[in-house]
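Asks: got a sequence here, can you model it:
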Amino acid sequence: MFRAIDRVLSRIKELHDHITIGVSIDGIGSMHDYIRGIPGAFQLVERTMNVLKKYPNIRRNISMVVTNLNFSHFLK
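Replies: Next up, the predicted model:
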C-alpha cells in the first residue's frame, strides 16, 4: 500500500509545485481507532505521515475534531 502512496506522491510532485495533503486525527492510538471504527487506523496515519516526510516540498496538514469522546484524551 505504501509503495502506491510513494508512486502517487512522486507523480503529484511532478505535476504541481505546491501541494498540501491533509490527514485527520481523532485521538492517539486506540482512541483514533475507536472513533473511526477501524482497528489499526492510527497506525496507518503514522505510517502515511512517515512516507510524507520523504517529500519536503509537500506540506502536511493535520486536522482534528474535538468531541466528547476525545476531549479528555488530548489533555493527557
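Asks: what about the strands in the protein?
Replies: Assigned by DSSP state E, the chain shows strands spanning 19-24, 58-63.
Asks: would you turn the ones you listed into a markdown table with mean neighbour count?
Replies: Using the backbone N, CA and C atoms, a C-beta is placed for each residue, glycine as well. Formatted as a markdown table, the entries for those read as follows, by neighbours: other Cβ atoms under 10 Å:
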| stretch | mean neighbour count |
| --- | --- |
| strand 19-24 | 12 |
| strand 58-63 | 12 |
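Asks: between those, which gets nearest to Arg47?
Replies: strand 19-24 (11.0 Å; Cβ to Cβ).
Asks: what is the mean pLDDT for the closest one?
Replies: Taken as a whole, strand 19-24 has a mean pLDDT of 86.
Asks: over to stretch 49-60?
Replies: On average, stretch 49-60 scores 82.
Asks: ok, residues contacting it?
Replies: 2, 5-6, 9-10, 12-13, 17-23, 62 (Cβ atoms under 8 Å, 6 or more residues apart in numbering).
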